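**Student:** for reference, the sequence and a predicted model appear below.
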Amino acid sequence: MKKMIRFIVLINLLFPLLVNSQTINATKDIKTPELEIGIVEHLDEYVPESITIIDTSGKEVKLRELIDKPTVLMWVYYRCPGLCSPLMTSMAELISKTDLELGKDFQVITVSFDPTEGSQLAINKRKNYLHLITKPVDVSGWQFYTADSANAALGTEITGFRYKKAGNDYMHSAALIMLSPDGKITRYLQGTYFLPFEFKMAIAETAQGKSGPTIFKVLQFCYTYDPAGQQYVMNVTKVAGTVILFIAAVVLLILIFKPRKKPTQTSE
């Protein structure tokens, strides 16, 4: 009976410590409906048939009809002096580093939300970023598009990408929006730098139609985003603290439940 009481007390002491960091991280993920600039996650919603974009030949195509495999959707504007270039460079690096095959295991669709940008600019940008890929790939797996103002507004709003015009430029964030083969939004990878294993897991789950922020939460727990270096670095303190708590719990359990040796009786 005493052992059971000790065990319950131990769990009550350790459980809040283990859960606390997850609670803090979950709070950070809350999005407000009033957000003007940034990402509002529309998980499990579908890309409608009504969104039309323009390919590099000037032909209008339905975005939904292009999605026949796990798809990475990127909203950018090609003249962007800020986040868009690092985002597309990171995409080229992911394609180079991953063992997934572009055009077979996944495809990338990059769309400009600036209605003033035309097909020739999309052609030039596509050429530039395909040139950054360091291994042989099926280049048809990464296509660049433009859109008129109505379709850009509709497409970005449906997928949760919110931006605001500021002079000749736009204020916006950066993200890879993962779409399943049937057009469902399954995941958002936010930022401009991504770990290859994070990307591969996202594609694998997207292929199965699974959605959710699990990868981001695990990443957020084990890693800290470094804005200066634009990359995730391991949060040694948090990981080490969790490991120490786990080891302490195991040791205490062993001490509590370890059978005690009965004292030996000495013969007189």
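**Tutor:** That came through, no problem.

**Student:** sketch out the low-pLDDT regions of this protein for me.
**Tutor:** Per-residue confidence for the chain (pLDDT under 70) gives these ranges: 1-35, 213-243, 258-268.

**Student:** just give me the residue closest to the centre of it.
**Tutor:** residue 189 (2.0 Å; CA atoms, centre = their mean).

**Student:** how near is it to residue 38?
**Tutor:** 14 Å (CB to CB, to the nearest Å). All C-beta spots, glycine's among them, are computed from the backbone N, C-alpha and C.

**Student:** same deal with residue 53?
**Tutor:** Counting by CB to CB - residue 53 and residue 38 are separated by 22 Å.

**Student:** so if I had to pick from those two, which one is more boxed in?
**Tutor:** Applying other CB atoms under 10 Å to residue 53 and residue 38 shows that residue 53 carries more neighbours, namely 21 against 16.

**Student:** for the helix or strand encompassing that one, give me every contacting residue.
**Tutor:** According to DSSP states H and E, residue 53 maps onto strand 52-54. With CB atoms under 8 Å, 6 or more residues apart in numbering as the test, strand 52-54 has contacts from 60-63, 111, 119, 145-148, 151, 155.

**Student:** got it, and stretch 79-86?
**Tutor:** If you take CB under 8 Å, 6+ apart as the criterion, stretch 79-86 is touched by 76-78, 114, 117, 121, 169-170, 172-174, 192-193, 230.

**Student:** circling back to that earlier point, what about the residue nearest to the centre of the chain, which SS state?
**Tutor:** Here residue 189 is strand, with the state taken from DSSP: H, G, I helix; E, B strand; the rest coil.

**Student:** surely residue 79 forms part of a helix?
**Tutor:** No. Read with three-state DSSP, residue 79 is coil and lies in no helix.

**Student:** quick one: the helices in the protein?
**Tutor:** In the chain, the helices defined using DSSP state H lie at 2-28, 63-66, 84-97, 119-130, 149-158, 196-207, 214-222, 236-257.

**Student:** how is this structure carved up into domains?
**Tutor:** 1-29+213-258, 35-211 (automatic domain parsing).

**Student:** ranking those domains by burial, who's on top?
**Tutor:** domain 35-211 (a mean of 17; mean count of other CB atoms under 10 Å).

**Student:** ok now it, how far from the chain's centre?
**Tutor:** 13 Å (CA atoms, centre = their mean, to the nearest Å).

**Student:** where does the residue lying closest to residue 106 once chain neighbours are set aside fall, phi/psi-wise?
**Tutor:** Closest residue to residue 106 apart from its sequence neighbours, by CB to CB, 6 or more residues apart in numbering: residue 70 at 4.4 Å. Per-residue torsions, residue 70: phi -50, psi 130 (degrees, to the nearest 10).

**Student:** going forward, the N-terminal residue is numbered 50.
**Tutor:** Will do, 50 is the new start, and the previous item becomes residue 119.

**Student:** check contacts around residue 119.
**Tutor:** If you count contacts by CB under 8 Å, 6+ apart, residue 119 has them with 154-156, 227-230, 252, 255-256.

**Student:** switch to 7 Å and redo it
**Tutor:** Applying CB atoms under 7 Å, 6 or more residues apart in numbering, one finds that residue 119 lies in contact with 154-155, 229-230, 252, 255-256.

**Student:** hmm, residue 233 and residue 92 touching each other?
**Tutor:** No. Taking contacts as CB atoms under 7 Å, residue 92 lies outside contact range of residue 233: 8.6 Å.

**Student:** overlap in contacts of the two?
**Tutor:** Taking CB under 7 Å, 6+ apart as the contact rule, residue 92 and residue 233 both touch residue 260.

**Student:** now residue 297: how far from residue 242?
**Tutor:** Residue 297 is 35 Å from residue 242, by CB to CB.

**Student:** now residue 107
**Tutor:** Using CB to CB, residue 107 is found at 33 Å from residue 242.

**Student:** repeat that for residue 122.
**Tutor:** Remark: distance between residue 122 and residue 242 (CB to CB) = 18 Å.

**Student:** what's the answer for residue 154, then?
**Tutor:** Taking CB to CB, one finds residue 154 at 21 Å from residue 242.

**Student:** also residue 155?
**Tutor:** From residue 155 across to residue 242, the span is 18 Å (CB to CB).
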